[in-house]
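Participant: make a model of this:
(chains A and B)
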Amino acid sequence: MADILVVVEHQEGAFRKTTLSTISAAKVLAGLIGGEVDALVLGQGVRSVADTVAAHGVRGVLLGEGEVFARYLAVSYAPVVAQLVNEKGYGAVLAPASTFGKDFMPRLSGLLDAPLASDIVGFAKEGNSLRVQRPMYAGNAVATVELVGSPLLFTVRQTAFDPAPKADAKAPVTPVSVTADPGGTTFVGREETRSERPELTDARVVVSAGRGIKSPENFKLVEQLADLFQAAIGASRAAVDAGWAPNDWQVGQTGKIVAPELYFALGISGAIQHLAGMKDSKVIVAINKDEEAPIFQVADYGLVADLFKAVPDLIAELKKLKSA
Amino acid sequence: MKILVAIKPVPNPDERVKIRKDGSGVVLDNIKMVINPFCEIAVEEALRIREKRGGEVVILTIGPKESEQQVRTALAMGADRAILVETTKELDSLGVAKLMAKAVEQEKPDFVIMGKQAVDDDNNQVGQILAAILSQPQATFGSKIEFSEDGKKANVTREVDGGLETIGVTLPAVITTDLRLNEPRYASLPGIMKAKKKEMKVIPADSLGVDASLKVRVLFLAPPKERAGGRKVADVAELVDKLKNEAKVL
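Facilitator: As a prediction, the model looks like this:
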């Protein structure tokens, strides 16, 4: 059976853990359709990324370096992956369903005229046929889809697969000679949302706030609660649209999909689009003064209260517990 | 500038869809179809660009005759004319993009703009595939678009994991929209009246010579795992007690 390629995500040399779930998904796929899993790292001065990936149970790592890859651009990535698929005969390509994978993988699909299933959450086999599960309608339906053609392309929902653990052996890293012409596309700049906190998609605890938080200043309260857990901070669309929180914090259908052990929804009504991004969390706590808010339908523990009173009380109680 | 805006009708996203008993799709009876919210943002952006720089806004959709209703809404918002590539066949993103590419080749717009994702199938693919087929630059998840004075280049700020990123693309290109790009206007009553008289060209999809056979086939839909949510606690003390002793997450 043809082998499987995972395209590694990094932010200019900083490895992103999204790739580890993608490797796990690739291994599940290999278990069903056969083949070995390789990884591809494109960038400039990214040997350390390749070394990290090599330690996580892949057969080999392809390392393509060059000035043209110093900044990620879909228009450079897609043709290189297409070229490697054609040269090495990969039967499937997987990438994280992050804004990275969602950007270049469809372009790859267009270049290769190959089927792409987005944001997949599971694989299965029926007879000899591969079946793929993916959410639709803001997660209110799980579709089982079949792909026709080759190679099979997937973007992988990070929360649906455990990160690939470290393996005993390190895979070889092989340089590949690739280049790209970004043509009329140039990188202009990047504005990073700086945070000392864990990434939303990796955090054990997420504290999110919505319209009910009322002002950007009040996010201090959210931060105080988050500090007690070293939690990531999220926001509903309403809070981001209002400019109270950066876009990068948005949890929901078209933002970040999270599934932490513990999720706090503070002043979030629970629109369908928000629920799509957090309803797979293990434990959900909702604090909202509107007892009719739909968020309470998915919350394990709902507290109908004014968050400006309840959250300081909660912080005090938790601190007491900690010092006890 | 000539701007082509691709739109998709979707079931009203504020209503929770129900899956048909046989899993063959969702129940669409009594559900209002609307322009996909991200596509609506694309229409709005095109109108604003035309208001600033002049030109023409052409709406494109691929689908059944009934899509005309959402196309008319886009015309009522202020678009100049529309093209409906008519088909009743089920299509995947590749099929849609291939049909769109034919329309783009005919129209030769300065750029194509569309929603980053349709909120029914949640694929987030068509714009990027179209850009690949046309061998054009792509700028996805746009939250700000600025043109060079000569209108030959655009700088697009993109909503990405980790923050915001800006890339420059020479036109023609394909741009997809994110939530923060703008707030779409409502169609005015005079707009709705005018829209009835605006040109809508219907092109049978079969006449375009495109092989749009399905490569991604949805076999069936199932409901997601239900959460056993809905429990309330009386106060903060009970909440902390439950988190500690029942959920054991503290």
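
Participant: and stretch B:236-244, which residues are buried?
Facilitator: Of the residues in stretch B:236-244, those buried under the neighbour-count criterion (16 or more other C-beta atoms under 10 Å in any protein chain shown) are B:236, B:239-240, B:242-243. Placement of C-beta: from N, CA and C, glycine included.

Participant: which is the next helix or strand following whichever helix or strand residue B:102 is part of?
Facilitator: Assigning secondary structure by DSSP states H and E places residue B:102 in helix B:93-107. Next helix or strand after helix B:93-107 toward the C-terminus (DSSP H and E): strand B:111-115.

Participant: can you pull out the helices in the chain?
Facilitator: You didn't say which chain, so I picked chain A. For chain A, helices defined by DSSP state H occupy the ranges A:18-33, A:47-54, A:74-88, A:101-112, A:219-229, A:237-241, A:272-278, A:295-298, A:307-323.

Participant: should've been chain B
Facilitator: Read by DSSP H, chain B holds these helices, from start to end of the chain: B:37-53, B:68-77, B:93-107, B:126-134, B:189-195, B:236-241.

Participant: now residue A:146: how far from residue A:153?
Facilitator: 14 Å (C-beta to C-beta, to the nearest Å).

Participant: swap in residue B:106?
Facilitator: 29 Å.

Participant: what does residue A:27 give?
Facilitator: As defined by C-beta to C-beta, residue A:27 lies at a distance of 17 Å from residue A:153.

Participant: the two: who's more crowded?
Facilitator: residue A:153 (27 against 18; other C-beta atoms under 10 Å in any protein chain shown).

Participant: wait, doesn't the more buried one sit right on residue A:105?
Facilitator: Yes. Contact status for residue A:153 versus residue A:105: in contact at 5.9 Å, counting by C-beta atoms under 8 Å.

Participant: now residue 59: closest residue in space that isn't a chain neighbour?
Facilitator: Reading this off chain A. With sequence-adjacent residues excluded and distances taken as C-beta to C-beta, 6 or more residues apart in numbering or on different chains, residue A:59 is closest to residue A:36, at 4.2 Å.

Participant: not what I meant, chain B
Facilitator: residue B:82 (4.0 Å).

Participant: sorry, back to before: and which of the buried residues of stretch B:236-244 is nearest to residue B:139?
Facilitator: residue B:243 (44.0 Å; C-beta to C-beta).

Participant: now do the closest one, the pLDDT please.
Facilitator: Residue B:243 is assigned a pLDDT of 97 by the prediction.

Participant: tell me the contacts of it?
Facilitator: By C-beta atoms under 8 Å, 6 or more residues apart in numbering or on different chains, residue B:243 lies in contact with A:262, A:283, A:285, A:301, B:249-250.

Participant: now list the buried members of those.
Facilitator: Buried members of the contacts of residue B:243, scored by 16+ other C-beta under 10 Å, are A:262, A:283, A:285, A:301, B:249.

Participant: out of the residues you listed, which are inside strands?
Facilitator: A:262, A:283, A:285, A:301 (DSSP state E).

Participant: that older thread, how about the contacts of residue B:243, which pair is most distant?
Facilitator: Top of the distance list for the contacts of residue B:243 (C-beta to C-beta): A:301 and B:250, 12.0 Å.

Participant: mean pLDDT added to the helices of chain A, as JSON lines?
Facilitator: Rendered in JSON lines, the data for the helices of chain A read as follows (pLDDT from 0 to 100):
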{"stretch": "helix A:18-33", "mean pLDDT": "97"}
{"stretch": "helix A:47-54", "mean pLDDT": "98"}
{"stretch": "helix A:74-88", "mean pLDDT": "98"}
{"stretch": "helix A:101-112", "mean pLDDT": "98"}
{"stretch": "helix A:219-229", "mean pLDDT": "97"}
{"stretch": "helix A:237-241", "mean pLDDT": "96"}
{"stretch": "helix A:272-278", "mean pLDDT": "97"}
{"stretch": "helix A:295-298", "mean pLDDT": "97"}
{"stretch": "helix A:307-323", "mean pLDDT": "96"}
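
Participant: most tightly surrounded among those helices?
Facilitator: Looking across the helices of chain A with neighbours counted as mean count of other C-beta atoms under 10 Å in any protein chain shown, the highest average goes to helix A:101-112: a mean of 27.

Participant: pLDDT weak spots in chain A?
Facilitator: Scanning chain A with the threshold set as pLDDT under 70 gives A:1.

Participant: let's see 90
Facilitator: Under the criterion of pLDDT under 90, the regions of chain A flagged as low confidence span A:1, A:193-196, A:202, A:322-324.

Participant: what's the answer for chain B, then?
Facilitator: Using pLDDT under 90 as the threshold, the predicted model of chain B has low-confidence ranges B:16, B:30, B:225-228.

Participant: quick one: buried residues of stretch A:151-163?
Facilitator: Going by neighbour count (16+ other C-beta under 10 Å), the buried part of stretch A:151-163 is A:151-161, A:163.

Participant: for those residues, which one is nearest residue B:75?
Facilitator: Comparing every one of these with residue B:75 (C-beta to C-beta), the shortest separation belongs to residue A:155, at 34.3 Å.

Participant: for the closest one, which non-adjacent residue is closest in space?
Facilitator: residue A:97 (3.8 Å).

Participant: and residue 92, what does it touch?
Facilitator: Here I'm looking at chain A. Applying C-beta under 8 Å, 6+ apart, the residues near residue A:92 are A:2, A:4-5, A:26, A:29, A:33, A:35, A:151-154.

Participant: let me rephrase: I mean chain B.
Facilitator: Taking C-beta under 8 Å, 6+ apart as the test, what residue B:92 contacts is A:115, B:214-217.
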